[in-house]
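Visitor: predicted structure and sequence below. I'll ask about it afterward.
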Amino acid sequence: MIEYILLAALPVAAYFGWWLARTIQQKSASRKNRLFSSQYFQGLNYLLNEQPDKAIEVFLELAEVNEDTVETHMALGNLFRRRGEVDRAIRFHQNIIAKERLKPEQRTRALLELGEDYMRAGLLDRAELLFSELIERDAHTPPALRSLLEIYQQEKDWPEALEQAERLEKITGEHMGDVMAQFCCEMAEESLAAKDLEAVRRQLRQARRYHPECVRARLILARLSAQEEDFESAMDAYEEVAGLDRDYIADLIEPYLDAAARAGGMERARAQLEAWKQDYNGISLTLKLSDFIAEEQGSDAAGRFLIDALGNKPSVRGLDHLIDLGRDGQLPAGSGDDILKAVTSRLLQREPRYRCSHCGFSGRTHHWVCPSCKRWSTTKTIHGVLGE
């Protein structure tokens, strides 16, 4: 009888043992979660009170307690990087990578973020190694390629930049032709400086294959043609540029007319300026036409032409030129011309000539790649009273 009672009590004892172990485990997990919650909010409190060093220590300790905090750590590392505190960001991301039980996708994500930290810190060689490793693993390949592309642009390693751009276009389907054409133009500029003219022509052909409407490739070709004393070809290239983008007329007028004079093609050039005037009323073109009119019809006619043009589109540069005509006795001079001349000249010296259409960066020098946002071909001539 006793044996039967003991046998019947076994399931009850097993259930009681399971229940007791589960209760103890839940209480332990509850205490652990309370500890985690307390430390987590303590770390946030340090951040809000601008005590980042103490916050870092708390969050680093949390990683030892709970691996689920990895995403939080990466987000905090990114926050520090955006604030410019790159050393702290590196410390966070290195601590994540040091964990042995990370999931593969968490480790590669941390490697990507650490590479971004190194880039921000100017440690380009370390960043390059990390991004190359990610690409070999086929992990986060598009962002790693974009970062490598930025590194090679900073280092002016144009062949490598071209290779990464080609890979990025193949993987993502993103059109990179205009950017790749710019890399070819950079190499062409270097070859032109080294007087390797055959390499220049090869690189310009490659640029036009990537981007058939590449303005810069034609401008370099025009300079190359002029250097080889093929001035008619130079004129052809400049005219192609004006046909593609009227905004470049202000920059090409002088070299275009110089090539025309050397080629004996001033009549062609004069007619071309008139044709451009039909749909482009920039002040550089207007001033050059006024010079032609002065040669052909005299200074009075040139002055009247300029006054009419400025009446339709006021321009400080045009006014400055008009005052010069008056001071030279070619127009009636007003009593306040000297003062007006000084004011306009000062304004022109201070005003930028070019502005990036993407970020608004402005300056007096044209840049193919914007110094601020690093976009290609976004810097254009400024239009308006104080510009073109």
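Guide: Here it is on my side, so go on.
Visitor: pLDDT (mean, whole number) over whichever strand or helix holds residue 249?
Guide: Using DSSP states H and E, residue 249 maps to helix 249-263. Mean pLDDT, computed over helix 249-263, is 96.
Visitor: run through the neighbouring helices and strands of it.
Guide: helix 215-227, helix 231-244, helix 266-277, helix 283-297 (3 or more C-beta pairs under 8 Å, 6 or more residues apart in numbering; DSSP states H and E). Placement of C-beta: from N, CA and C, glycine included.
Visitor: closest to residue 78 out of those helices?
Guide: helix 215-227 (35.7 Å; C-beta to C-beta).
Visitor: show residues contacting that closest one.
Guide: 181-182, 184-185, 188-189, 192, 197, 200-201, 204, 207-208, 211, 231, 233-235, 237-238, 240-241, 244-245, 248, 252, 255, 258-259, 262, 368, 377 (C-beta atoms under 8 Å, 6 or more residues apart in numbering).
Visitor: averaged pLDDT, it. What do you get?
Guide: Averaged over helix 215-227, pLDDT sits at 96.
Visitor: so how far is that helix off the chain centroid?
Guide: In terms of C-alpha atoms, centre = their mean, to the nearest Å, the centre of helix 215-227 is set 24 Å apart from its chain centre.
Visitor: and that helix, which residues are buried?
Guide: 215-226 (16 or more other C-beta atoms under 10 Å).
Visitor: and the helices and strands packed on helix 249-263 as TSV, adding distance to residue 315?
Guide: Below are those laid out as TSV (distance: least, C-beta to C-beta, whole Å):
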stretch	distance to residue 315
helix 215-227	24
helix 231-244	20
helix 266-277	15
helix 283-297	4
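Visitor: give me whichever of these is most buried.
Guide: The highest average neighbour count among the helices and strands packed on helix 249-263, using mean count of other C-beta atoms under 10 Å, belongs to helix 215-227 at a mean of 21.
Visitor: low-confidence ranges in the protein?
Guide: Residues of the chain meeting the criterion pLDDT under 70: 1-68, 327-343, 346-347, 385-386.
Visitor: would you map the strands across the chain?
Guide: Taking DSSP state E, the strands of the chain run over residues 354-356, 362-363, 379-381.
Visitor: ok now the shortest one, how far from the chain's centre?
Guide: If I follow you right, that is strand 362-363. The answer for strand 362-363 is 15 Å, by C-alpha atoms, centre = their mean.
Visitor: packing partners of it?
Guide: In terms of contacts (3+ C-beta pairs under 8 Å, 6+ apart), strand 362-363 is packed against strand 354-356.
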